[in-house]
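>>> Quick one, structure for this:
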Amino acid sequence: MNLISFNVCAFQDPLRPLVLGGDHSISFPVVRAVFEKLGGPVDILHFDAHLDIYDAFEGNKYSHASSFARIIEGGYARHLLQCLEFFNEGMMSFHRGVSHIKPGGLSFRDVLNILHNLQGNLIATDVVEFDPQRDTVDGMTEMVVAKLIRELAVKMSK
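This is a model prediction of the structure:
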């Protein structure tokens, strides 16, 4: 965790880390580093099917299911908006290459509309939970993840 925070803090200004891979356990050290680099709490938009606010999951206070509990208790978020049941669980009928499949949620178009209509600066993001071993033969989830990363990078560059 400290290594992740250290590497995010190593970014030169303007701070714009786009962190890829892993699970939501990386969200806490990324947000902590952005907080430290910017000198205060940040606004967070979190897309997931779970709130990730367990105090500890399977005895681990820093698990993927506990990251936002650590963010909240550390005072790293000024505002936290959690859009439940997005990509990994929400779009399972279209995209199966994710860690935790669960029906329901926003479509990819819904997510793009939210992203395109965000006001203010997007200063950091993490894209996690993609599991290529679970993807369909045609690689549909991989294509959607690539498109999402591209759209996030474009939004962050503005």
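>>> Can you report how many residues lie near V145?
Neighbourhood size, V145 [other CB atoms under 10 Å]: 21. Any C-beta I mention is one placed from the backbone N, CA and C, and that applies to glycine too.
>>> That one reaches E129, doesn't it?
No. Taking CB atoms under 8 Å as the definition, V145 is not a contact partner of E129, at 9.5 Å.
>>> most distant residue from the middle of the chain?
V137 (25.2 Å; CA atoms, centre = their mean).
>>> what helix or strand is the nearest residue to I53 once chain neighbours are set aside on?
Closest residue in space to I53, ignoring its immediate chain neighbours: A69 at 4.5 Å, by CB to CB, 6 or more residues apart in numbering. A69 is part of helix 67-73 when elements are defined by DSSP states H and E.
>>> helices or strands next to that helix in the packing?
In terms of contacts (3 or more CB pairs under 8 Å, 6 or more residues apart in numbering; DSSP states H and E), helix 67-73 is packed against helix 27-38, strand 77-84.
>>> Could you give me the buried positions within it?
By 16 or more other CB atoms under 10 Å, the buried positions in helix 67-73 come out as 67-71.
>>> helix, strand or coil for the residue most central in space within the chain?
The residue lying closest to the centre of the chain (CA atoms, centre = their mean) is D126, at 4.1 Å. Following DSSP: H, G, I helix; E, B strand; the rest coil, the label given to D126 is strand.
>>> so is the nearest residue in space to it that is not next to it in sequence in a helix, a strand, or just coil?
With CB to CB, 6+ apart as the criterion, D126 has its nearest non-adjacent residue at 4.1 Å, and that residue is V19. State at V19, reduced to three classes by three-state DSSP: strand.
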